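Novice: Structure for this input, please:
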Amino acid sequence: MTWLAAAPATVVPPESTQQAIGYPSLFLLVLIGALVPVVPTGALVSSAAVVAFHHTAPFTMALVFATASLAAFLGDMTLYWLGRRGMTSKNGSRWLEAIRSRAPQDRLEQSQAKLADHDVAVLVLSRLVPAGRIPVMLACLMARWPVRRFARGNAPACLAWAATYQMIGVLGGSLFPEPWQGVLAAVGLTVVLSVAPSVWRRVRGRARGTRA
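Specialist: The predicted structure is shown next:
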């Protein structure tokens, strides 16, 4: 009986161990997602916020926010720096080509026009718009923005991005009693938000085509 009572304690890792694994993992995944935009970083932040919402330890929400925003900022700055090196290199770089390949010409032209009109405000909003970060970053590269100027706009952009997806996680966590239910809801909502703009553009393009 004593062994059976002690068994759950040996299976479930202590809170400190969970935090020691969770926050570095979140940091690395968001950092990698900023460099290689295939990792669903928004869903990761929302999921971490759901778990933090159901957690009893203090400052967990603040730690999720700080970890996500810092990782996003460092990832963006590294990618921009690599893009700047590619712009000044005779042979370019694979990072610059990767940025260009993910920025359609029409989105790039729109980003350039908005950047010329609204300056840093466009950079702040670009992280909140699905698939808007890379075209605006490329527009900044083509406008020859220094790294410091990009950093001044990118810092509030990453803070706003982390806060937005954390609020999505809090919403999902508050609607369901179990963390896994909130995680599923938060992930589903982030997927809908990321897919909706592209679907809307396709529908609008088809509607224009039929009218023509």
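Novice: Just the helices from the chain, written as ranges.
Specialist: Ranges of helices within the chain are 2-11, 15-35, 41-53, 60-88, 94-101, 105-118, 120-126, 133-142, 147-175, 179-211, based on DSSP state H.
Novice: Quick check: which of these is buried the most?
Specialist: helix 41-53 (a mean of 26; mean count of other C-beta atoms under 10 Å). The way it works is simple: take the backbone N, C-alpha and C, and place the C-beta from them, glycine included.
Novice: Tell me what angle that helix forms with helix 60-88.
Specialist: Angle of helix 41-53 versus helix 60-88, following axes from the mean of the first three to the mean of the last three C-alpha atoms, to 10 degrees, is 160 degrees.
Novice: pLDDT of helix 41-53, averaged?
Specialist: Here helix 41-53 scores 85 as its mean pLDDT.
Novice: Can you pull out the low-pLDDT segments for this protein?
Specialist: 1-21, 56-58, 89-93, 176-212 (pLDDT under 70).
Novice: Need the nearest residue in space to G22, chain neighbours excluded.
Specialist: Excluding the flanking residues, the one nearest G22 by C-beta to C-beta, 6 or more residues apart in numbering is A48, at 7.2 Å.
Novice: Might one say that that neighbour is in contact with G169?
Specialist: Yes: using C-beta atoms under 8 Å, A48 makes contact with G169 at a distance of 6.9 Å.
Novice: Phi first, then psi, for R144.
Specialist: Reported as degrees, to the nearest 10, the phi and psi values for R144 are phi 60, psi 40.
Novice: residue contacts, it?
Specialist: Neighbour list for R144: M87 [criterion: C-beta atoms under 8 Å, 6 or more residues apart in numbering].
Novice: again with W81
Specialist: Neighbouring residues of W81 by C-beta under 8 Å, 6+ apart: V147.
Novice: Please tell me how far it sits from R100.
Specialist: 16 Å (C-beta to C-beta, to the nearest Å).
Novice: same thing with I168?
Specialist: As defined by C-beta to C-beta, I168 lies at a distance of 30 Å from R100.
Novice: Equivalent analysis for Q166, please.
Specialist: Remark: distance between Q166 and R100 (C-beta to C-beta) = 31 Å.
Novice: Just give the closest residue to F27, not the sequence neighbours.
Specialist: A71 (4.5 Å).
Novice: So that neighbour sits against Y23, correct?
Specialist: No: if you go by C-beta under 8 Å, A71 and Y23 don't touch, sitting 9.9 Å apart.
Novice: show me the contacts for M142.
Specialist: 87, 112.
Novice: which residues touch R133?
Specialist: With contact set as C-beta under 8 Å, 6+ apart, R133 has these partners: 37, 76, 126-127.
Novice: Please repeat the previous calculation with a cut-off of 7 Å.
Specialist: With contact taken as C-beta atoms under 7 Å, 6 or more residues apart in numbering, R133 is in contact with 126-127.
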